[in-house]
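Asks: could you work out the structure for the sequence below:
(chains A and B)
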Amino acid sequence: MSNRIINWFRFSSPQTFYPLAGKMIPWFWALAALFGIAGLYISFFVAPTDAQQGEGYRIIFVHVPASWMSMFIYLVMAFWAALGLGFNTRLSGMMASALAPTGALMAFLSLWTGALWGKPMWGTWWVWDARLTSELILFFLYLGFIALQSAIDDARRADKAGAVLALVGVVNIPIIYFSVKWWNTLHQGASVSLTRSPSMAQTMLWGMLLMALAFWMYAIAVALIRLRAIILERERHAGWVEALNEVKS
Amino acid sequence: MKPRHKRFALVGGGLAVLGIAAALVLNAFQSNLVFFFTPTQIAAGEAPKGKAFRIGGLVKEGSLKRQSDGLTLQFIVTDTAKEFPVAYTGILPDLFREGKGVVAQGKLDDNGLFVASEVLAKHDENYMPPEAQHAVDEAQKAQKTVVAN
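Replies: Reported below is the predicted structural model:
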């Protein structure tokens, strides 16, 4: 019985995960391109003009996926951080570090596209309402995580310190998500949620979901590339790294 | 209890404590986290007096009046229960429409007129093509006439 279950802990060793990640990266790139092309096509050519906002609303196809990913990547980062603290596995900390820059990029994109959208529609680039402010805090949490990790020379201790920061910051995620419900904000409520049917036209929704998938696959691909670089850097003295073809040449 | 169970328990316990602390803090700051006050709240005296604050609601249909200079205007903000007149001089955002959401920053003068220094449009989370919007409007109109009869 027990030999039928995959031993997941096997993959928690950098040595086994390094080649696996290498094999997965091209697939995630391909999926990202596929979803991206389909998503952009629907976003620009199929999705209808919005009744209120005209063509300007189309920035939603970047804004919402970037915002979703900025929150989701943080949750995944916090998950790996907790796993690393609990199991004391080396790979978990590396996973968290590999995700942080992509998360920061997504948070930045979300803020930036939001500002570009806010100016013509609301009449302002920025307001200090609960949704915008909590997303800005998320961006700073990512930057803080990256800064803290690079300030500590010992990699294992950097992982632990980063993990604690990542876990503390996780309380911000529900605050971002529910901010438009809990307080009155300038930012409108969610168009898509798990509890009720989406309040947008079908094709618009499809464009947005495909773009979100594209962002997701892109995030996995670049995180895995970064993870491989981190593994090589930290394990450079290990025998298996020196035996790698790409290292030998 | 293995050491790793202990560590997971610590992480879980820490998160729970942190979550409760965050909930308490947010609850304490509840009144400071609102971006605007609704006309009902202002009528109940919840908005700060003598200080600038934001009023939010819908622009009452047919209430927008422009002065001859083209820039000074007045409209009524309503939450369907209470309403306040708002005066503003400046350029309105593109999405400012009668019957749609608005958030204005300014002060309430002694006569109950809200003098705004900034007016922002607040749009809703519904996205639909113009034809669908037209159909919705027609349906609402039809409903209104049924109720009227």
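Asks: not counting sequence-adjacent ones, nearest residue to the residue most central in space within chain A?
Replies: Nearest to the mean C-alpha position of chain A, counting by CA atoms, centre = their mean, stands residue A:73 at 3.1 Å. With CB to CB, 6 or more residues apart in numbering or on different chains as the criterion, residue A:73 has its nearest non-adjacent residue at 3.8 Å, and that residue is residue A:103. Where you see a C-beta, it was placed from the backbone N, CA and C, and this is true even at glycine.
Asks: for the helix or strand harbouring that neighbour, give the mean pLDDT please.
Replies: Assigned by DSSP states H and E, residue A:103 falls within helix A:90-121. Averaged across helix A:90-121, pLDDT comes to 94.
Asks: that one: what's the following helix or strand?
Replies: helix A:130-151.
Asks: same for that next one, what does it pack against?
Replies: If you count contacts as 3 or more CB pairs under 8 Å, 6 or more residues apart in numbering or on different chains; DSSP states H and E, helix A:130-151 packs onto helix A:60-87, helix A:90-121, helix A:155-169, helix A:172-182.
Asks: which other residues reach the shortest one?
Replies: With CB atoms under 8 Å, 6 or more residues apart in numbering or on different chains as the test, helix A:172-182 has contacts from A:71, A:74-75, A:129-131, A:134-135, A:137-138, A:141, A:185, A:187-190, B:22, B:26, B:33.
Asks: go ahead and measure how far the helix or strand of chain A with the lowest mean pLDDT is from the middle of the chain.
Replies: Across the helices and strands of chain A, the lowest-confidence element by mean pLDDT, DSSP states H and E is helix A:245-248, at a mean of 77. Relative to its chain's centre, helix A:245-248 lies at 30 Å (CA atoms, centre = their mean, to the nearest Å).
Asks: which residues are contacting it?
Replies: With CB under 8 Å, 6+ apart, helix A:245-248 has contacts from A:232, A:241-242.
Asks: next: stretch B:31-43.
Replies: A:127, A:129-130, A:182-186, B:26, B:46-47, B:53-57, B:77-79, B:81-84, B:103, B:108.
Asks: any idea how far that stretch is from the chain center?
Replies: 8 Å.
Asks: list the contacts of the closest residue to residue A:13 other than its chain neighbours.
Replies: Sequence neighbours aside, residue A:91 is the residue nearest to residue A:13 in space, at 7.0 Å (criterion: CB to CB, 6+ apart). By CB under 8 Å, 6+ apart, residue A:91 lies in contact with A:11-14, A:17, A:231.
Asks: out of these, list just those in helices.
Replies: A:14, A:17, A:231 (DSSP state H).
Asks: tell me who's in contact with the last one.
Replies: Right, the one you point to is residue A:231. A:14, A:17-18, A:91, A:94.
Asks: span of stretch A:190-201 from start to end?
Replies: 14 Å (CA to CA, to the nearest Å).
Asks: pLDDT (mean, whole number) over that stretch?
Replies: Stretch A:190-201 shows a mean pLDDT of 80.
Asks: ok, now stretch A:146-156?
Replies: 92.
Asks: before we move on, the earlier item: next, the angle from the helix holding residue A:103 to helix A:172-182.
Replies: Calculated by axes from the mean of the first three to the mean of the last three CA atoms, to 10 degrees, helix A:90-121 forms an angle of 30 degrees with helix A:172-182.
Asks: ok, how many other residues are close to residue 23?
Replies: Assuming you mean chain A. For residue A:23, the count of nearby residues is 9 (other CB atoms under 10 Å in any protein chain shown).
Asks: nope, chain B
Replies: Neighbours of residue B:23 under the rule other CB under 10 Å: 13.
Asks: what's the pLDDT at it?
Replies: Residue B:23 is assigned 88 on the pLDDT scale.
Asks: helix, strand, or coil at it?
Replies: Here residue B:23 is helix, with the state taken from DSSP: H, G, I helix; E, B strand; the rest coil.
Asks: measure it to residue A:174 for me?
Replies: 10 Å (CB to CB, to the nearest Å).
Asks: same question for residue B:67.
Replies: From residue B:67 to residue A:174 the distance is 47 Å (CB to CB).
Asks: between the two, which has more neighbouring residues?
Replies: Taking other CB under 10 Å, residue B:67 and residue A:174 do not tie; residue A:174 has more neighbours (15 against 11).
Asks: got the ones in helices among the contacts of residue A:91 as TSV, with pLDDT columns?
Replies: Output for those, formatted as TSV (pLDDT from 0 to 100):
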residue	pLDDT
A:14	88
A:17	91
A:231	93
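Asks: cheers, nothing more for now.
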